[in-house]
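> Here's my sequence, what's the structure:
(2 chains)
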Amino acid sequence: MSESRYPAPVRRFLRFFVGNSVVERILISIAALITAVLVSSAIVLVAGYLSGEAYNPIEIFAVLVNGAFGSPFALDSAQLFTDGWSPINFSMGTTLKETTLLIFTGLAVAIAFRGDLFNIGVQGQMVVGALAAALSLVWVAPLFPASLAGTLLIIPFGLLVGAIVGGIYGAIPGALKAYFDANEVITTIMLNTIATGVAFFLVSTYFADPTLQSVKTRPIPDFARINGIIFSEGGQFSLVALVLALAAAVGTYYVLRYTSYGYDLRISGKQAPAALYGGANAERMVVSTMTLSGALGGIAGAMWSMMVIGAWRTGVPSLGFDGITVSVLAGNNPIGVIPASLLFGVLKGGSNAINFQLGVPPELVAVLRGMIILFIAMPEAFRMLGNWIGIKPEPAATAGGDSGE
Amino acid sequence: MSNSTREKDALTGIRERFANLGTVKTTVITTIAVAVLVGGAIRLLFPDTRAGTFVAAFDVGFAESTLRIAVPLVFAGIGGIFAEKSGVINIGLEGLLIISAFTAVAVTHLLSGGSNASQSTLWIGLFGGVLASTLLAIVFAIIVIEFKADQIIAGIAVWLVGLGLGPFLSIVIWGSVNSSSITTMDTVTIPGLAAIPILGPILFDASPIVLLMLATIVLAWYALNHTSFGRWIEASGENPSSLDTAGVDVHRVRYVGVILSGVLSGLGGAGLVVGRAGRFIGSGQTMINGDGFIAITTYLFGNYNPIGTAGAGLLFAGLEALQIRLQQIPFIPAPTELIRLVPYVSVIIVLAFVGYTRMPSAAGEHYESGEE
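This is a model prediction of the structure:
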């Protein structure tokens, strides 16, 4: 399989991609994404056939992406654009809302992955963070002036409470891993169920809003919520929250890349013996990594309470699990989490459109969530494919980009 | 520095106490024996007190429901032993259970319309569920063995694929994440033996799935400990290069290990629905609700021995059966929402004490023949 069957410029072009590990990772993510879409399409076709529905996968994904942005393109008619489309619309708000929350949960998973820890418990950390933020805001709001100044003080307070409680909840599996060797994948999954159960019990027994039948806390006062100003229609999304999320991504990148703490974290993940030799306390590193990861999950929960619901209620969406896909898709790179979240936000934002327009269950996104990880987990397959179509990686270039071996 | 050393010493002490599996076994057996004796005494002496009512919850019905609840745990746990002993950590057992439970109901429903399915259709449904789980396990095996994927990430992917596909396809078929009901398998009654008190109704008037489970425990124990296949599985996880030297293909052994985990998890998930539940529930974490992960805990607790694993599975199933019972006793002080969580908390406690369980030394690592 030599490269000589391609003309020189093509060869140079191909070699640029293969020689660069960042580009290679991006290519692998894209290849996995396409494969996941193709396989899911096949499943949708077969399932539709068996149940007597004629699904058209191309139409589904076109409506999905178009719907996520509030349908800028008029897919059904002869004209290209929808009349009167504005970038500020309800669907766009939903997409960006999902993106914002996914950046936090994606970062939470990514930071743990970097320390070679699998935090599957972001979901639970989100649940407790969301509950703590909602309850504390309901309680302390009377102490703050219901003004702009009050808002500026109380919102950071709410996010901080979410971060602390989520962080403590993340520290539990961290300590169990560090001091008792308990597999963190299993403990975090058990803690997810426990978080949901305990939160349900607490709210239904002690903190329920007496005016409602449902399991929901009293509402957070309006001035203590993160309200949308530009995306006021439909609410639930604030650009300020998105800016905070982007700052968190850049901040996480900085901490991992340029601080000694981040260095210890990454080395503990890659080369545990080297980290020990360098003086890092391995046990404490595991606990602090899980705490940091849990804190980011807790902030995601607080954002959900303060921006989306305006209270805490049962049925916290599974953004913690989505965060696993976001992180894996981003190659566990904090900056990469931003585009990966946007992509997944589009999938979630458009899932309502496929439901309303085509009758396809929005749970299709959960299928994609698993498929994407499944195919991203096998970079070797895509490398083999690359070799087969004639692009051989430079031996020196893959040495750093490859994990293990 | 000295402080942290002391911390470590205390921990090592605790762990050493539990590290001796013999101690754990003796403790568990003694506890159960004492509990049975004390319980029996309370029941006889104080039948009308609260303690008497509490003890009365542990009856034949309790034992039967424990066995039925244990089905997914024990099958998946034993399946997990084969995969992990051969060197592949299959953390995706949960996904295999979900996909087989869903497929078994779907196949039965599509063949018969569901509520009036004949017994033979249920067996076909069971087979369909096992097939689906096996196919997903084969995909997992190819990804980790052929394409050297990280076993934990690929396992999480298998779980999420199951968690996504089950509810999604349920909506496509039934318009809801929960399926409609199907009939369940009739119990197998052995005349004569079923009349034995206590043991009779538990073992000789039981669901065929429960009997299959009991047979699987014995077969798996025999295969792992008394056949050359069992030795290959062990070597493939402990010292793959020696197995290679002996002329046995390590990859092939690992494929068999992972595929067995798929077949057995399939029996667990499909057996759960055709044997007891009679429907697929896809809301939240689906009806499997963590059983696949608890199954991993059972084989760590059972130290990769099918009999110990089944014992641990019965223990967790017993907790689950107990919490269902306790919800019906009016004077239990704790609220049902919290009692429901007891099995999950106990999994964490058990994991903390068995964290020392020595994994097969090559588990989680890719093996390349010939060492380039």
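> Please name every helix or strand in contact with the lengthiest helix in chain A.
Counting by DSSP state H, the longest helix found in chain A is helix A:148-180. For helix A:148-180, the elements it packs on are helix A:122-140, helix A:184-202, helix A:282-303, helix B:2-19, helix B:342-354, judged by 3 or more C-beta pairs under 8 Å, 6 or more residues apart in numbering or on different chains; DSSP states H and E. Heads up, the C-betas are built off the backbone N, CA and C, glycines and all.
> same thing but 10 Å
helix A:90-114, helix A:122-140, helix A:184-202, helix A:239-258, helix A:282-303, helix B:2-19, helix B:342-354 (3 or more C-beta pairs under 10 Å, 6 or more residues apart in numbering or on different chains; DSSP states H and E).
> tell me which residues in the second one are buried?
By neighbour count, and taking 16 or more other C-beta atoms under 10 Å in any protein chain shown as the criterion, the buried residues in helix A:122-140 are A:122-138.
> So which of the residues you listed reach chain B?
residue A:123 (C-beta under 10 Å from any C-beta of the partner chain).
> Can you pull out the low-pLDDT segments for the chain?
In the absence of a named chain, chain A is used. A:1-6, A:9-20, A:78, A:232-235, A:270-276, A:278-280, A:390-405 (pLDDT under 70).
> Can you look at chain B instead?
B:1-28, B:43, B:47-48, B:50-57, B:114-115, B:332-333, B:355-357, B:370-372.
> Which residue would you name as the spatial centre of it?
Residue closest to the average C-alpha location in chain B (C-alpha atoms, centre = their mean): residue B:73, at 1.8 Å.
> Distance of that one relative to residue B:292?
9 Å (C-beta to C-beta, to the nearest Å).
> Return every residue with contacts to both of the two.
Overlap of the contact sets of residue B:73 and residue B:292 (by C-beta atoms under 10 Å, 6 or more residues apart in numbering or on different chains) consists of B:93, B:97, B:268.
> What count of nearby residues applies to residue B:130?
24 (other C-beta atoms under 10 Å in any protein chain shown).
> So it: helix, strand or coil?
Classification of residue B:130 using DSSP: H, G, I helix; E, B strand; the rest coil returns helix.
> interface residues of the stretch 301-405 of chain A facing chain B?
A:315, A:318, A:321-322, A:324-325, A:328, A:355, A:359-384, A:402-405.
> Next, the angle helix A:282-303 makes with the longest helix of chain A.
150 degrees (axes from the mean of the first three to the mean of the last three C-alpha atoms, to 10 degrees).
> Off-centre distance for helix A:148-180?
18 Å (C-alpha atoms, centre = their mean, to the nearest Å).
> Could you check the angle that helix makes with helix B:342-354?
Going by the same axes, to 10 degrees, helix A:148-180 makes 50 degrees with helix B:342-354.
> The nearest residue to residue A:381 once chain neighbours are set aside: how many residues sit nearby?
Excluding the flanking residues, the one nearest residue A:381 by C-beta to C-beta, 6 or more residues apart in numbering or on different chains is residue B:147, at 4.4 Å. Around residue B:147 there are 18 other residues, counting by other C-beta under 10 Å.
> I'd say residue B:147 and residue A:382 touch.
Yes: between residue B:147 and residue A:382 a contact is recorded at 8.9 Å, counting by C-beta atoms under 10 Å.
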